[in-house]
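Participant: What follows is a protein structure lacking sequence information:
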């Protein structure tokens with residue numbers, strides 16, 4: 001079996017935070033993941049009775065929550081602590097944010113139901129244990145981005161300001177500002 005980390009004294013969490021290949025078995029990462037799941041569950045439980053208190057739970061779950069942000073449950077995260085949401089943003093039901101790397105959502109964004117922000121990647125070359133190796137690339141939604149229902153944003157993608165992504169699109173590469181993109185893979189069909 002290949003030792004991918006020979007001579008590298010860092011923990012798998014340190015490798016993950018550096019955006020390099022790692023194995024997701026680090027005890028600190030596991031504890032952070034459980035913390036994220038608990039806060040997401042607390043958020044979902046609080047929302048029907050007290051949406052204002054539920055939004056406050058997001059401040060403990062996410063790295064940053066701007067003014068006048070509204071998120072509807074449920075929310076699914078790897079950690080939550082790598083997600084930043086800008087002011088005046090609305091996120092509809094069922095956000096899945098695998099936030100192994102930073103996921104930044106700008107101001108005045110609108111995310112439809114069941115949007116997925118997926119930062120993890122996996123090696124493609126066939127090697128022993130390749131299924132356990134991961135890395136991650138950040139995702140950025142600049143200001144005033146609209147994502148339709150079911151949009152999937154892949155690792156390393158930036159969606160430029162004032163852009164609209166059509167429902168069900170799979171965004172595999174950067175989208176320039178002021179664009180409308182649709183499809184799988186998403187392609188720009190119009191400039192705004």
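Facilitator: Structure received. Please read all numbers here as calculations on a predicted model, not as lab measurements.

Participant: hey, which helix is longest across the chain?
Facilitator: helix 27-46 (DSSP state H).

Participant: Mind listing what's buried along that one?
Facilitator: Within helix 27-46, the residues scored as buried using 16 or more other CB atoms under 10 Å are 29, 32, 33, 35, 36, 37, 39, 40, 43, 44, 46. Every C-beta, even on glycine, is put in place using the N, C-alpha and C of the backbone.

Participant: With adjacent residues omitted, what lies nearest to the second one?
Facilitator: Spatial nearest neighbour of residue 32, chain neighbours left out: residue 79 (4.9 Å); criterion: CB to CB, 6 or more residues apart in numbering.

Participant: in the helix or strand bottoming out on mean pLDDT in the chain, what counts as buried?
Facilitator: With mean pLDDT, DSSP states H and E as the measure, the helix or strand of the chain carrying the lowest mean pLDDT is strand 133-136 (a mean of 78). Residues 134, 135, 136 are the ones in strand 133-136 that count as buried (16+ other CB under 10 Å).

Participant: I'd say the last one and residue 119 touch.
Facilitator: It stands for residue 136. Yes - assessed by CB atoms under 8 Å, residue 136 is found in contact with residue 119 at 4.4 Å.

Participant: shared neighbours, those two?
Facilitator: Counting by CB atoms under 8 Å, 6 or more residues apart in numbering, the common neighbours of residue 136 and residue 119 are 100, 101, 155.

Participant: Out of those residues, which comes closest to residue 73?
Facilitator: residue 100 (21.8 Å; CB to CB).

Participant: Could you find the closest non-adjacent residue to that closest one?
Facilitator: residue 136 (3.8 Å).

Participant: Could you give the bridge partners of the one you found?
Facilitator: Per DSSP bridges, the residues bridged to residue 136 are residue 120.

Participant: And for residue 83?
Facilitator: When bridges are called by DSSP bridges, residue 83 pairs up with residue 103.

Participant: Roughly how far does it sit from residue 8?
Facilitator: 28 Å (CB to CB, to the nearest Å).

Participant: Looking at those two now, which is surrounded by more residues?
Facilitator: Relative neighbour count places residue 83 above the other of residue 83 and residue 8, with 26 against 12, counting by other CB atoms under 10 Å.

Participant: Can I get the buried residues of helix 27-46 in JSON lines including distance to residue 18?
Facilitator: Shown next, in JSON lines, are the buried residues of helix 27-46 (distance: CB to CB, whole Å):
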{"residue": "29", "distance to residue 18": "13"}
{"residue": "32", "distance to residue 18": "16"}
{"residue": "33", "distance to residue 18": "18"}
{"residue": "35", "distance to residue 18": "21"}
{"residue": "36", "distance to residue 18": "20"}
{"residue": "37", "distance to residue 18": "24"}
{"residue": "39", "distance to residue 18": "25"}
{"residue": "40", "distance to residue 18": "26"}
{"residue": "43", "distance to residue 18": "29"}
{"residue": "44", "distance to residue 18": "32"}
{"residue": "46", "distance to residue 18": "35"}
